[in-house]
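A.B. asks: Need a 3D model of the sequence below.
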Amino acid sequence: MRTAPLILLTTLALAGCSAASSAAPTPTPTPDTVTVQNCDTSVTFAAAPQRVITIKSTSTEMLLALGLGDRIVGTAFQDGPVPEQWAADASSLTSISDFVPSEEAVLEEQPDLVYAGWESAFAADGAGARSELASLGVNTYVSPSACRSANVPAKLTFDDIFGDIEQVASIFRVDPSALLESQRADLASITPTGDGRTAFWYSSGDDTPYSGAGTGAPELVMETAGLTNIAADVPGGWAPLSWEAVVDADPDVIVLIDASWNTAQSKIDKLESNPATAGLTAVVNKRYVILPFAASEAGVRTVDAAASVAKQVQGLDG
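C.D. replies: Here you go, the predicted structure:
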């Protein structure tokens, strides 16, 4: 189990946070300075960030779930609409790019933090290298479960995801207990319905399918729903598989990731029209489970994703 990175207290003096607005969560007593080891980078927050650029849905939705939507001054590379429970708070958010923004676009918003769902967003030809942004007084942060350069969980667990929530809350000096209590209660209410049936997590790809592998969010979601991942022995969160491997595994269920650029229906059409896959057990019986792309990566929607898969699998037997 990966524990949340250690929060280093660099001062013994406690100071109260600035008064919260009526829409913001209640601050909790925290040290003036919080330092975290984030992927391969140590990041120090002298105060709670006030102006944040979020890149990818996982980072945007984390802040919305913690009641911090008013800190977001720009979003980028969003994977789809936010869930209904956060739609009102998200309605006023401004997108600065449909893809990874340039460093110039980021700096134009004068952020004190750039919070990304993928480590690769911080590149010289992207939002800017982390060291470069730091030299300009802009902190950077990556969703910890998405780290690849360091502190990679051997196999993602819900404790990892809950640890991510706690760490983000500590950086913003807010209390995550209500969100964590809700997440844990929802997780406890999930009844695995898969009965060990095999499943293929079809994320993308034509000639070569890109599948949920054995150590990331897809595996965690399928395991929680009681399904057996046909790529469970493949390292990584996602990995390319051959169609031959999928045919040989002949999965009972296919989890289809739905994105505007690669819809679930387009994948169904491909599976049903290709002679190599048309005879698969899941295809013949139309045992399809559909998840939005934004729910397929580790974050505050992972519990809901597992619950949705379990419910849909149960419906396949109806």
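
A.B. asks: and stretch 121-140, how far apart are its ends?
C.D. replies: End-to-end distance for stretch 121-140: 10 Å, by C-alpha to C-alpha, to the nearest Å.

A.B. asks: And the helices in the stretch 201-318 of the chain?
C.D. replies: Counting by DSSP state H, counting those that start in this stretch, the stretch 201-318 of the chain has helices at residues 217-225, 243-249, 264-273, 275-278, 281-284, 302-316.

A.B. asks: Can I get the third one as CSV, trimmed to CA atoms?
C.D. replies: Included here for helix 264-273 are C-alpha records, laid out as CSV according to Å, rounded to 0.1, in the frame of the first residue of the first chain:
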residue,chain,number,x,y,z
ALA,A,264,-18.1,3.9,-27.0
GLN,A,265,-20.4,3.4,-30.0
SER,A,266,-17.5,3.7,-32.5
LYS,A,267,-15.8,0.9,-30.5
ILE,A,268,-18.9,-1.3,-30.6
ASP,A,269,-19.2,-0.8,-34.3
LYS,A,270,-15.6,-1.8,-34.7
LEU,A,271,-16.0,-4.9,-32.5
GLU,A,272,-19.1,-6.0,-34.2
SER,A,273,-17.9,-5.5,-37.8
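
A.B. asks: What residues of that helix count as buried?
C.D. replies: 264, 267, 268, 271 (16 or more other C-beta atoms under 10 Å). Bear in mind the C-beta positions are built from the backbone N, C-alpha and C, glycine included.

A.B. asks: Tabulate the residues you listed (JSON lines), appending pLDDT and distance to residue 196.
C.D. replies: JSON lines is the format used below for the buried residues of helix 264-273 (pLDDT from 0 to 100; distance: C-beta to C-beta, whole Å):
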{"residue": "264", "pLDDT": "98", "distance to residue 196": "24"}
{"residue": "267", "pLDDT": "98", "distance to residue 196": "24"}
{"residue": "268", "pLDDT": "98", "distance to residue 196": "24"}
{"residue": "271", "pLDDT": "98", "distance to residue 196": "22"}
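
A.B. asks: Among those, find me the one that's closest to residue 44.
C.D. replies: residue 264 (42.6 Å; C-beta to C-beta).

A.B. asks: list the contacts for that closest one?
C.D. replies: Counting by C-beta atoms under 8 Å, 6 or more residues apart in numbering, residue 264 makes contact with 256, 257, 258, 288, 290.

A.B. asks: what's the most buried one of the helices of the stretch 201-318 of the chain?
C.D. replies: helix 217-225 (a mean of 26; mean count of other C-beta atoms under 10 Å).

A.B. asks: what is the orientation angle of that helix with helix 302-316?
C.D. replies: Helix 217-225 and helix 302-316 are oriented at 60 degrees to each other (axes from the mean of the first three to the mean of the last three C-alpha atoms, to 10 degrees).

A.B. asks: packing partners for helix 217-225?
C.D. replies: Applying 3 or more C-beta pairs under 8 Å, 6 or more residues apart in numbering; DSSP states H and E, we find helix 217-225 packed against strand 198-204, strand 210-212, strand 228-229, strand 253-258, helix 302-316.

A.B. asks: Which one of the ones you listed lies nearest to residue 58?
C.D. replies: Per C-beta to C-beta, nearest to residue 58 of these: helix 302-316, 9.4 Å.

A.B. asks: Put the alpha carbons of that closest one into PDB.
C.D. replies: Below are the C-alpha coordinates for helix 302-316, written out as PDB (Å, rounded to 0.1, in the frame of the first residue of the first chain):
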ATOM      1  CA  THR A 302     -13.000   6.300  -9.100                       C
ATOM      2  CA  VAL A 303     -15.400   5.100  -6.400                       C
ATOM      3  CA  ASP A 304     -18.400   6.100  -8.600                       C
ATOM      4  CA  ALA A 305     -16.800   4.400 -11.600                       C
ATOM      5  CA  ALA A 306     -16.500   1.100  -9.700                       C
ATOM      6  CA  ALA A 307     -20.100   1.500  -8.500                       C
ATOM      7  CA  SER A 308     -21.300   2.200 -12.100                       C
ATOM      8  CA  VAL A 309     -19.500  -0.900 -13.500                       C
ATOM      9  CA  ALA A 310     -20.900  -3.100 -10.800                       C
ATOM     10  CA  LYS A 311     -24.400  -1.800 -11.400                       C
ATOM     11  CA  GLN A 312     -24.100  -2.200 -15.200                       C
ATOM     12  CA  VAL A 313     -22.700  -5.700 -14.900                       C
ATOM     13  CA  GLN A 314     -25.600  -6.700 -12.700                       C
ATOM     14  CA  GLY A 315     -27.900  -5.200 -15.400                       C
ATOM     15  CA  LEU A 316     -26.300  -7.400 -18.100                       C
END
